[in-house]
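Undergrad: Could you look at this predicted model? Sequence included:
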Amino acid sequence: MKNIIINSSFLLLSILACKNIYAQQVALTNHYNVNPYFLNPAAAGDNGSSIYVDYRKQMAGIIGSPQTEWISFDAPLKNEKMGIGILVYNDINNIIGNTVALVSYSYKLNLNDYHKLNFGLSGGLSQNR
C-alpha cells in the first residue's frame with residue numbers, strides 16, 4: 001500500500017512540476033497515400049515533381065468548425081538522389097489556429113534495384129494562435 005501511495009504522489013508531483021507541456025498535432029487530411037511528403041520529409045522528390053493544393057472544411061455551415069488549407073511542392077534534384085520540398089498549411093480548430101511553413105531536403109540511398117533508403121531533414125516556422 002505504501003508503494004502505491006509513493007508512486008501516485010511521485011506522479012502528481014511530476015505533473016505539477018511541469019511548466020509547459022507541448023505536443024505535436026498534424027493537420028487532418030486524407031491524402032497521405034497520394035502525397036506522402038505531407039507526413040514524411042524523406043519522401044520529397046520521391047515520385048518526381050508534384051504540386052498539391054487542398055482545402056478541407058468539416059461540418060460546413062457550423063461556425064468555428066475545423067478547416068485546413070495546404071499547398072506543397074516537391075521535386076527531385078541531381079539524378080533523383082536528392083529532393084527538395086516546400087509545405088505550407090493553415091489549420092484552424094474552433095479558436096485555435098496553427099500556420100506552418102516548412103522546407104525539406106531528402107537524400108535517397110539505393111540499396112539494390114528494388115530497395116532504397118530515404119533520409120529527410122525538415123525545418124521551418126510555426127505560428128500557434
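TA: Alright, I've got the coordinates.

Undergrad: Sheet-wise, list the partners of the helix or strand where F73 lies with their directions.
TA: Under the criterion DSSP states H and E, the helix or strand holding F73 is strand 67-77. Applying DSSP bridges, strand 67-77 is found paired with strand 50-57 (antiparallel), strand 82-93 (antiparallel).

Undergrad: Give the rounded mean pLDDT of that strand.
TA: Averaged across strand 67-77, the pLDDT comes to 91.

Undergrad: any idea what sits nearest I95, other than its immediate chain neighbours?
TA: Residue nearest to I95 in three dimensions, not counting chain neighbours: G64, with 7.0 Å by Cβ to Cβ, 6 or more residues apart in numbering. (Glycine included, C-beta is placed from N, CA and C.)

Undergrad: Regarding the one you found, what is its secondary structure?
TA: At G64, secondary structure determined by DSSP: H, G, I helix; E, B strand; the rest coil is coil.

Undergrad: Make sure it is actually in contact with Q58.
TA: No - checked against Cβ atoms under 8 Å, the pair G64 and Q58 is beyond contact range at 10.8 Å.
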